[in-house]
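**Student:** Quick one, fold the following:
(chains A and B)
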Amino acid sequence: MSYKVLVVDDEAPVRDLFVDLLKREKYETDTAVSGEEAIEKIKQNEFGVVLLDIKLSGMSGIETLKQIKEIRPQTAVIMITGFGYDEDLINKSRELGCSGYLGKNMPISQIMSNFKLFLKTVEDKKKFND
Amino acid sequence: MGVRFPSPAFSSADVIRGFPPQYVADPPRILAGDSDYPLHRNYRLNKIMSTKIDNCANLVSKLIDTANAVILYLDAKGRVRLCNGKIEQLSGMKRDDIIGRRGLDILYPENGSNTRQQLFDAFIASALEHKQPNSFIGNIPDRSGDERTFCWNITPILSDTAQVEGVLLLGNDLTEIDGRATSVRNKDDMLRNIISSIKDYALFATNVEGKITYYAMGSTSLFGWGREEIIFRDSSVFYKTQEASSKLAFALEEVRRKGECEIEIEMVKKDGEALPVLLSINKLADTEGKLRGYIFIAKDITERKNMEYHLVQSEKLIAMGQLTAGLAHEINNPLFVISGRLDLLLEQKGIGKNQRQELGIIREQTDRIRVLVDRFLRFSRKSSSLKPDEIDINKLIENVLPLLSYHELHTKDITIRKGFAEGLPKVRVDINQLQEVFINLFLNAFQAMPDGGTLDIKTRNLDGNSVEIRISDSGYGISPENIKKIFTPFFTTKNEGTGLGLPICYNIIRNHNGTIDLKSEVGKGTTFIIKLPF
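**Tutor:** The predicted model follows:
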């Protein structure tokens, strides 16, 4: 099963890298440079997964997550963390219903395998609910 | 005292107060109520002389009566032969009742065998035995029972043949001068007691040349030197470093100009250990104001110095933490992109063997940066992310040891000795963080012993409030100037060190409200001492 993935990050090289990595795995992708733009896109389109930078300029990653979950509770959100150890932010996003997080300090191969693992968990959950 | 005072000789019955004999050749009359008294030798005085002498005697008796002191003349048996009006005021007894009674019974009426009386008696006996004046300070009760302090001059009165005939007691009332009914002797004792009971302070004095001329008993606890071994030695034994010596010289110059000075200075104990003190120096001058030496009062400020050091260290770490977190965050994104792109590049087909090798090196080095950034982030980790658990510190150390032994212990000849106290109270710590502290310290210890050695790990219940963990290696030790910098971020003596291992340990222990300190001697080894409250 393939998902359309929305990549939200304010830095173009990071965004582009995720897009390339996802394309390689045959995922359909879209991008947003800010939380505000992400919310607009989510209102108009349905995404399977949102890859969301936890630390965004403008609307914060946490606030964006909160709004996404209000608009489309079914959409899986995976947080991208730079601060490998900022547990306060990670705990907060977990409370708000994110499905997992990927650290930018991880090797690429680990990031992609974790990404797939999270998706599988989301899928299993959906199947169970259906 | 050269006053000769032979058998009392009095000119008239009403002038019983008496007077020195040089004014009386031979008294014409017998002293009232004194029938058994040896009488006078010579009555051959003509009337004119007698009148002159009577006048003279009156004068002297007035002098004695108006003297602002108690005057008692006792015979060889201690009975009062002569007294002045002061004793009437003091005892409330009439002079006629006083004469002939034991003098000390008059002064101490409460009972005949009290110790104060015996003490006074001993002083009198001593004066008589040595035929030398003596003095005694003591309290006596006045007529209303209040204590009064007197200083007594005790003067033996000798005959022409140097036989003791009696003793003259002259008592000065010090009560009013003193104001607090404390005798001068008591005050001396009190002062001595105060000085020797002071524990955190040391008190000593030197002459102008720097020789120690006074050393209070209490100073031993601070410096370790006993009074006998330090007195008259040169005070330079207290100052070892060049810095301390010049600081002292500067301070003494100030004392000579202003009379006093206060400095923080590093002194040295007898065993050679450094002792940071607050040193107050005062000028010691004679009555003409001429400099005779200096008085030194030293206060131990080790505790405060330690606190200051830790405070500076903490502030440094906080600042470094913020800087590192910011830096690491900034590095994180470009590094992620570089290593991601590199991975994508390496997956492409058709890359030559040489290029692949080059890319491999870039891959290795980016990984190294990633590990470093990871450490920076851990260093700047906030205390809010502590996840404390109640744990047995002995068990935690036991669990850490196998993590190291594999690659370190087997390549070097290192013996691990464990001295774990039984029944240690559990401490509330974040297990992962504490593990990191011990891994860091153990690895440091191993690296300090490249040719093998002993790692000593000891735990104990320190004072009922905290657990102490001592980790000692027998490695090459750390120089004093490096010890000062050891917890400073990015300070390292190792070629491949990041300088973050010990600052991380410091941060973690501090976040647990504990302390970490070290003692080290070059060539002998290093001991880290961790205290964690429970």
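**Student:** Spatially central residue for the chain, please.
**Tutor:** With no chain named, the answer covers chain A. A:Leu51 (1.9 Å; C-alpha atoms, centre = their mean).
**Student:** should've been chain B
**Tutor:** Centre-most residue of chain B, counting by C-alpha atoms, centre = their mean: B:Tyr201, 2.6 Å.
**Student:** measure the closest residue to B:Glu110 other than its chain neighbours to B:Thr115 for me?
**Tutor:** Excluding its sequence neighbours, the residue lying closest to B:Glu110 (C-beta to C-beta, 6 or more residues apart in numbering or on different chains) is B:Pro141, at 7.0 Å. Heads up, the C-betas are built off the backbone N, CA and C, glycines and all. Shown here: B:Pro141 relative to B:Thr115, a distance of 14 Å by C-beta to C-beta, to the nearest Å.
**Student:** Please identify which of the two sits among more neighbours.
**Tutor:** A side-by-side neighbour count of B:Pro141 and B:Thr115, using other C-beta atoms under 10 Å in any protein chain shown, places B:Pro141 first with 16 against 8.
**Student:** surely that one meets B:Pro109?
**Tutor:** Yes. Using C-beta atoms under 8 Å, B:Pro141 makes contact with B:Pro109 at a distance of 7.3 Å.
**Student:** at contact distance from chain B, anything in the longest helix along chain A?
**Tutor:** For chain A, the longest helix by residue count, based on DSSP state H, is helix A:108-129. Yes. Under the criterion of C-beta under 8 Å from any C-beta of the partner chain, helix A:108-129 makes contact with chain B via A:Ile108, A:Ser109, A:Ile111.
**Student:** And these, which is closest to A:Thr81?
**Tutor:** A:Ile111 (11.1 Å; C-beta to C-beta).
**Student:** Now do the same contact list for the residue nearest to B:Glu110.
**Tutor:** When contacts are counted by C-beta atoms under 8 Å, 6 or more residues apart in numbering or on different chains, B:Pro141 touches B:Tyr108, B:Pro109, B:Glu110, B:Glu147, B:Arg148.
**Student:** and the last one, how many neighbours does it have?
**Tutor:** Burial measure for B:Arg148: 18 neighbouring residues, criterion other C-beta under 10 Å.
**Student:** Am I right that it is in a strand?
**Tutor:** Yes. Assessed with DSSP: H, G, I helix; E, B strand; the rest coil, B:Arg148 lies in a strand.
**Student:** which residues pair with it across the strands?
**Tutor:** B:Ile140 (DSSP bridges).
**Student:** close enough to count as contact, it and B:Ile140?
**Tutor:** Yes. Using C-beta under 8 Å, B:Arg148 makes contact with B:Ile140 at a distance of 6.0 Å.
**Student:** Mutual contacts of those two, please.
**Tutor:** Jointly contacting B:Arg148 and B:Ile140 under the rule C-beta under 8 Å, 6+ apart are B:Leu90.
**Student:** where does chain A come near chain B, residue by residue?
**Tutor:** A:11, A:13-14, A:17, A:20-21, A:24, A:55, A:82-88, A:104-105, A:107-109, A:111.
**Student:** name the helices or strands packed onto the helix or strand where B:Ala57 lies?
**Tutor:** Remark: B:Ala57 resides in helix B:47-66, with elements defined by DSSP states H and E. For helix B:47-66, there is no helix or strand it packs on, judged by 3 or more C-beta pairs under 8 Å, 6 or more residues apart in numbering or on different chains; DSSP states H and E.
**Student:** If we use 10 Å, what do you get?
**Tutor:** Helix B:47-66 sits against strand B:70-75, strand B:80-83, helix B:85-91, with contacts defined as 3 or more C-beta pairs under 10 Å, 6 or more residues apart in numbering or on different chains; DSSP states H and E.
**Student:** relative orientation of that helix and strand B:70-75 in degrees?
**Tutor:** Counting by axes from the mean of the first three to the mean of the last three C-alpha atoms, to 10 degrees, helix B:47-66 lies at 120 degrees to strand B:70-75.
**Student:** so what's residue 89 up against?
**Tutor:** I'll assume chain A. By C-beta atoms under 10 Å, 6 or more residues apart in numbering or on different chains, the contact list for A:Leu89 reads A:Ile54, A:Lys55, A:Ser60, A:Gly61, A:Ile62, A:Met79, A:Thr81, A:Gly82, A:Phe83, A:Tyr101.
**Student:** could you do chain B instead?
**Tutor:** Residues near B:Gln89 by C-beta under 10 Å, 6+ apart: B:Val70, B:Asp142, B:Arg143.
**Student:** Three-state assignment for B:Thr459, please.
**Tutor:** strand.
**Student:** My guess is it contacts B:Asn394. True?
**Tutor:** Yes. In terms of C-beta atoms under 10 Å, B:Thr459 counts as a neighbour of B:Asn394; the distance is 5.8 Å.
**Student:** the more surrounded of those two?
**Tutor:** Taking other C-beta under 10 Å, B:Thr459 and B:Asn394 do not tie; B:Thr459 has more neighbours (21 against 18).
**Student:** Which strand residues bridge the more buried one?
**Tutor:** Under DSSP bridges, the beta-bridge partners of B:Thr459 are B:Ile469.
**Student:** Roughly how far does it sit from B:Ala445?
**Tutor:** 16 Å.
**Student:** ditto for B:Pro109
**Tutor:** For B:Pro109, the distance to B:Ala445 - C-beta to C-beta - is 80 Å.
**Student:** between the two, who's got more neighbours?
**Tutor:** B:Ala445 (27 against 17).
**Student:** Just give the closest residue to whichever residue of the stretch 151-300 of chain B sits closest to chain A, not the sequence neighbours.
**Tutor:** Closest residue of the stretch 151-300 of chain B to chain A, C-beta to the nearest C-beta: B:Pro276 (38.2 Å). The shortest distance from B:Pro276 to any non-neighbouring residue, by C-beta to C-beta, 6+ apart, is to B:Lys305 (4.6 Å).
**Student:** Give me the mean pLDDT for the one helix or strand B:Leu344 maps to.
**Tutor:** Element membership for B:Leu344, per DSSP H and E: helix B:302-347. Across helix B:302-347, the average pLDDT comes to 80.
**Student:** Which strands and helices lie in contact with the helix or strand following that helix?
**Tutor:** The helix or strand immediately downstream of helix B:302-347 is helix B:353-379, counting by DSSP H and E. Other helices and strands packing on helix B:353-379, by 3+ C-beta pairs under 10 Å, 6+ apart, are helix B:302-347, helix B:501-511.
**Student:** which of the ones you listed sits most buried?
**Tutor:** Across the helices and strands packed on helix B:353-379, averaging neighbours per residue (mean count of other C-beta atoms under 10 Å in any protein chain shown) puts helix B:501-511 on top, at a mean of 22.
**Student:** residues near B:Asp374, how many?
**Tutor:** Quick note: B:Asp374 (other C-beta under 10 Å) scores 16 neighbours.
**Student:** Kindly apply the preceding question to A:Thr81 instead.
**Tutor:** Neighbour tally, A:Thr81, other C-beta under 10 Å: 21.
**Student:** residues contacting it?
**Tutor:** Counted by C-beta under 10 Å, 6+ apart, A:Thr81 has contacts A:53-55, A:61, A:89-90, A:93, A:101-106, B:332.
**Student:** Below-threshold pLDDT in the stretch 151-300 of chain B: ranges please.
**Tutor:** Filtered on pLDDT under 70, the stretch 151-300 of chain B yields the residue ranges B:176-200.
**Student:** export stretch B:249-258 as CSV, just CAs?
**Tutor:** Output of stretch B:249-258 as CSV, limited to C-alpha atoms (Å, rounded to 0.1, in the frame of the first residue of the first chain):
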residue,chain,number,x,y,z
ALA,B,249,55.0,41.1,51.7
PHE,B,250,52.5,43.4,50.0
ALA,B,251,50.0,43.0,52.9
LEU,B,252,52.7,43.7,55.6
GLU,B,253,53.6,46.9,53.7
GLU,B,254,50.0,47.9,54.0
VAL,B,255,49.9,47.0,57.7
ARG,B,256,53.0,49.2,58.3
ARG,B,257,51.2,52.1,56.6
LYS,B,258,47.6,51.6,57.8
